[in-house]
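J.: would you be able to build a 3D model of this:
(chains A and B)
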Amino acid sequence: MKDDLTRQTNRNFIKNSNHQTKMYSLDVHTVCVCQCTVLSGVEETTERNYYSRYHNMSEITAWMEQMKRENPDVVSSMVYGQTYERRNITLLKIGLSSTGRKKAIWMDCGIHAREWIAPAFCQYFVKEILRTYKTDTKVNEMMKNLDFYITPVLNIDGYIYSWHNESTRLWRKSRSPGTGGCTCYGTDLNRNFYANWGMVGVSTDCCNLFYCGTKALSESEARAVTDMLGKMSEDILAFLTIHSYGQQLLVPYGHPNISAPNHDELMEVGLGAAMAIMAVNGMDYTVGTSPDILYPFSGSSQDFARLIGIPLSFTFELRDKGEHGFELPEDQIQPTCEEAYAGAHHIITYAHDKAFYSYAATVTATLWTTLLAAWVSSAILL
Amino acid sequence: MTTGVLNPSHYPARRAATVVQHYLNTRYGSPYRWIFLSKVHSGSAEDMAEMRKYQLELTMQEMISNVSGQCSAELLFPGGEGQSAPQVQASCEGLLQSNPTAQEEAFYQQHRASNNMVSGSNIPDSYGHMEPSMKPFWHLGGVASSCIMLRESNESTLYNMAQVANFTQLETEKDQLRFNYHVLLHEMISQEIIHWKLLVTWSPEQGVKVLQTELQPKCHDCEAPPNTTN
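T.: Have a look, this model is predicted:
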């Protein structure tokens, strides 16, 4: 932890060597003591700086505790599994409490370790809904009707490994060891789900970046998500999994010969989300199935979610298009998160309104039809 | 293989367009000129004897001046056995000026006299950060990488430079700045990170030339776990 703070200190000093640095302490419990810098003569708030930086796993864990502490009425956490290296996989459950069973939105980030912008987005998303739910009527309504299940880092072992030093920064997979004489590490968690497992876009070589594991759900991280989704599948309205890079919104399925039953709806909602994204900073995100716009692959979490009946299942590939790739500069974190939030908000709003308004619309239509029939029959009688 | 009119947002057009990007950088790139694909407007592909031919209408952007231009390009991907590079022809409007810029000249003069050999590493670093003085060397690495990325490209690849691992300036020779570069390329379709060592020369007059290339073997031993007790 001290090394991380030193690194952060050096980094801020190098970036802002013309400016004063000040020590801020959020509170005695918070580990992420930050060196806040004065920019343009105006004091940047701790919070605004925080969501414009990448954070290691210790910081993210401490941040999750802080979110619970500061928002006890709406935020709780759940440990729902363990990584290969026996770390707890934790999600934040965010929503206004209610007596009945609530519908849900699922979001996970960081299934691939090197895609650092993804956990940054999960953190931003949480911060944003907590910031706005009291004042924004739509967010408030969705917090009443839904619970958000957000996993900031799914592949915790891989993420920690990618923070170890410069040579590990571009690690992708989990950190489980190879078997059967294969000495490389890691399974591609997004090839390990029980969704046409092992069929296309995978490798059986444990050194390969697409190694799909010894069998479906060989990885504890994939099992954790599978178990949670299995328990909740009837209630989950939308499943969002966050990656980088490429600026794309992927819809199921990864297998080229299979189409989702609601493919047209998924494309329409996806294109709407891409328009919402473009409206923020002008960035274009391409929408389509992976076999069409990227490459075919099976065993993904997105495909599994759709297969068990979650209607809206999207993979977000965030900035950029290859100029920096995985090492997206920190000054792009904020704009990337803003646009991705707009896209996610579009999908979630659609999912929410479909669940909570179309039923009412159906009831109303039925009522009118009944009334009309009664009027016609009574008119005839008269 | 897709043939006929291409959907501009589907992968065949995108991969071919990226090859055009690599080509333009090898021809016109410099420490102060780096071209990136902005948009694919339209494209088509056809089978020819032993070859696949693409035609594309694109917008490319020069990343330092932020100037965009329309480009028409034609690519030939060789079929059959043997790895040979795709052949590219492209013409762009309003994007490519032939004369070196004032910045390029100043940069060249600054580093030509070999009093102070420059070197750098991890550009960008893990946080995507680089010192402003390193940016031209990052672009130069990108342009040099484009030579390899062009040579290695086919219809099943999509290359970007992930990072300049390190570079070292060597003695100027025949008025050319010279550098050893170690670059990391990201190949999207395999998701592999591929290491290359390059001997690179540059001058405003001659442009970027890659004199030697050396593929670094993938280091499986490097994957032994460190003591991460976190």
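J.: does the residue of the stretch 101-250 of chain A found nearest chain B lie in a helix or a strand, and which?
T.: Closest approach between the stretch 101-250 of chain A and chain B, counting by Cβ to the nearest Cβ: residue A:209, at 4.1 Å. Where C-beta positions appear, they are placed from N, C-alpha and C, glycine not excepted. Under the criterion of DSSP states H and E, residue A:209 resides outside all helices and strands.
J.: and the helices in the chain?
T.: In the absence of a named chain, chain A is used. Using DSSP state H, the helices of chain A run over residues A:2-15, A:46-50, A:57-70, A:117-132, A:137-145, A:156-162, A:220-232, A:263-281, A:290-293, A:301-307, A:333-356, A:358-381.
J.: correction: the question concerned chain B.
T.: Secondary structure of chain B by DSSP H: the helices cover B:11-28, B:102-112, B:135-152.
J.: what angle separates the last one from helix B:102-112?
T.: So that's helix B:135-152. Here helix B:135-152 runs at 100 degrees with respect to helix B:102-112, directions being taken by axes from the mean of the first three to the mean of the last three Cα atoms, to 10 degrees.
J.: quick one: average pLDDT of stretch A:51-62?
T.: Per-residue pLDDT over stretch A:51-62 has a mean of 98.
J.: now do stretch A:232-244
T.: On average, stretch A:232-244 scores 97.
J.: tell me which residues in that stretch are buried?
T.: Of the residues in stretch A:232-244, those scored as buried under the neighbour-count criterion (16 or more other Cβ atoms under 10 Å in any protein chain shown) are A:232-233, A:235-244.
J.: sorry, back to before: out of the helices of chain B, which gets nearest to chain A?
T.: For the helices of chain B, the distance to chain A is smallest for helix B:11-28, at 5.7 Å, taking Cβ to the nearest Cβ.
J.: for the helices of chain A, give me JSON lines that also has distance to residue A:88.
T.: Written out in JSON lines, the entries for the helices of chain A read as follows (distance: least, Cβ to Cβ, whole Å):
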{"stretch": "helix A:2-15", "distance to residue A:88": "20"}
{"stretch": "helix A:46-50", "distance to residue A:88": "23"}
{"stretch": "helix A:57-70", "distance to residue A:88": "9"}
{"stretch": "helix A:117-132", "distance to residue A:88": "16"}
{"stretch": "helix A:137-145", "distance to residue A:88": "26"}
{"stretch": "helix A:156-162", "distance to residue A:88": "8"}
{"stretch": "helix A:220-232", "distance to residue A:88": "10"}
{"stretch": "helix A:263-281", "distance to residue A:88": "32"}
{"stretch": "helix A:290-293", "distance to residue A:88": "31"}
{"stretch": "helix A:301-307", "distance to residue A:88": "19"}
{"stretch": "helix A:333-356", "distance to residue A:88": "25"}
{"stretch": "helix A:358-381", "distance to residue A:88": "38"}
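J.: just name the most buried of the ones you listed.
T.: With neighbours defined as mean count of other Cβ atoms under 10 Å in any protein chain shown, the helices of chain A peak in mean count at helix A:156-162, which reaches a mean of 27.
J.: for the helices of chain B, give me CSV that also has distance to residue A:117.
T.: Written out in CSV, the entries for the helices of chain B read as follows (distance: least, Cβ to Cβ, whole Å):
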stretch, distance to residue A:117
helix B:11-28, 21
helix B:102-112, 30
helix B:135-152, 19
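J.: closest to residue B:217 out of the helices of chain A?
T.: Closest approach to residue B:217 among the helices of chain A (Cβ to Cβ): helix A:156-162, 21.3 Å.
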